[in-house]
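Participant: Mind looking at a prediction? Sequence and model below.
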Amino acid sequence: MARYRLPEDVRKRMIQAQLRRTGGKRLAKVVERNINTLVEIREHMDRRKSTQDHIADWVTWFSGNMIFVYIHVVWFGIWLAINLGWTHLKPFDPYPFNLLTMVVSLEAILLATFVLISQNRISEIADQRADLDLQINLLAEYEITRVLTLVDAIADHLGLEVRHDPEVDELKNEVSPEVVLKEMEQRKHEKNGSKKPETLKKQSF
């Protein structure tokens, strides 16, 4: 994948925001690397979009813009002025404006379809990001568990007296995702006063 560089003005704004958060310290290399990686991923997703996806995105963006509202206000105003006889032009869609109603209804159907197409793709991207976050969180939990076990073993080897903490012992145990999901569902059903859910089948993540 080709290396994508942020526009200079965008990069400067991001660096300034990071400097404000860090109290004026220099922007860490890892932060800049992560910014470039995120931009590369977005660029890769944009390149994967088909022509139909680009059209749906553009229509969705345009329909959510104030220009879209202004155009319709002018359009409806001219349409009503002509068909109410306020101009010297001959009315072509007299009251109750059946033609206008049909056109607007068709437009609403098409716009809703374009919005759903864009939302479906956004939902798919969100699911992918959620899966990635879950994998990273599970890996981080596994690594932290191993680090705690290792630190405990080092303390024993050096003969250090460490105050016993039951919570640390619990943290050294690996957490199974299916157990957490089961507990969450059980708490949810108990709160709602409904029947407890059946035991979840163990799944590998």
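Facilitator: Arrived safely, thanks for sending. A quick note: this is a predicted structure, and the numbers were derived from the prediction, not measured. Numbering: from 1, shown residues only.

Participant: And the next helix or strand past the host helix or strand of residue 36?
Facilitator: Using DSSP states H and E, residue 36 sits within helix 29-48. The C-terminal neighbour of helix 29-48 among helices and strands, as given by DSSP H and E, is helix 51-63.

Participant: next SSE after that next one?
Facilitator: helix 66-83.

Participant: Can you pull out the residues in contact with that next one?
Facilitator: By C-beta atoms under 8 Å, 6 or more residues apart in numbering, the list of residues contacting helix 66-83 from outside reads 62, 86-87, 89, 91-95, 97, 100. C-beta here means a position set from N, CA and C on the backbone, and glycine is covered the same way.

Participant: immediately after it, which helix or strand?
Facilitator: Next along from helix 66-83, by DSSP H and E: helix 98-158.

Participant: other SSEs contacting that next one?
Facilitator: helix 51-63, helix 66-83, helix 166-171 (3 or more C-beta pairs under 8 Å, 6 or more residues apart in numbering; DSSP states H and E).

Participant: From the centroid of the protein, which residue is nearest?
Facilitator: Per C-alpha atoms, centre = their mean, the C-alpha nearest to the average position across the chain is that of residue 126, at 4.7 Å.

Participant: among the helices and strands packed on helix 98-158, which is the most enclosed?
Facilitator: Sort the helices and strands packed on helix 98-158 by mean neighbour count, taking mean count of other C-beta atoms under 10 Å, and helix 51-63 sits at the top with a mean of 14.

Participant: I'd like to check the angle between it and helix 66-83, please.
Facilitator: 70 degrees (axes from the mean of the first three to the mean of the last three C-alpha atoms, to 10 degrees).
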